[in-house]
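J.: just the structure for this:
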Amino acid sequence: MKVRIRKIGGSDGLILPRELMQRLGLKRGQELHIMELPQGGFRASPFDPDFETTIQIVDSIIDEYRDTLGSLARPKV
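T.: Numbering: from 1, shown residues only. Next up is the predicted model:
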């Protein structure tokens, strides 16, 4: 599908056809993450590309401090 970059106010933007928005499950006002591709161009995604890395870091911290976190989670009597 071809779209054209257009002037929108003081910026430039892409107008996405309604049918494409519906097929991709996108909603007006939704944020997209733009990632530059090494071979040129870009990819737009509603998913945060850093989220998986963040979850891996959290998982490693939980594994390392499992006993400590378990103690902190127990109610004090």
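
J.: please, where are all the helices along this protein?
T.: Listed in chain order, the helices found in the chain under DSSP state H are 18-24, 51-64, 66-73.

J.: now the first one: how far from the chain's centre is it?
T.: This means helix 18-24. With C-alpha atoms, centre = their mean, to the nearest Å as the basis, the distance from the averaged C-alpha position of helix 18-24 to the chain average is 19 Å.

J.: what do you get for stretch 34-41?
T.: Averaging C-alpha coordinates over stretch 34-41 and over its chain gives two centres that are 16 Å apart (C-alpha atoms, centre = their mean).

J.: including mean neighbour count and mean pLDDT, could the helices of the chain go into TSV?
T.: Every C-beta, even on glycine, is put in place using the N, C-alpha and C of the backbone. Output for the helices of the chain, formatted as TSV (neighbours: other C-beta atoms under 10 Å; pLDDT from 0 to 100):
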stretch	mean neighbour count	mean pLDDT
helix 18-24	11	93
helix 51-64	10	91
helix 66-73	9	90
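
J.: from the centroid of the chain, which residue is nearest?
T.: residue 48 (1.8 Å; C-alpha atoms, centre = their mean).

J.: what's around the nearest residue to that one once chain neighbours are set aside, how many residues?
T.: Of all residues not flanking residue 48 in the chain, residue 33 sits nearest, at 5.8 Å (C-beta to C-beta, 6 or more residues apart in numbering). Residue neighbour count, defined by other C-beta atoms under 10 Å, stands at 13 for residue 33.

J.: residue 33 contacts residue 51, doesn't it?
T.: No: with contact taken as C-beta atoms under 8 Å, residue 33 and residue 51 are classed as non-touching, separated by 9.5 Å.

J.: out of the helices of the chain, which gets nearest to residue 1?
T.: Using C-beta to C-beta as the criterion, the shortest distance between residue 1 and those is 6.1 Å, found for helix 18-24.
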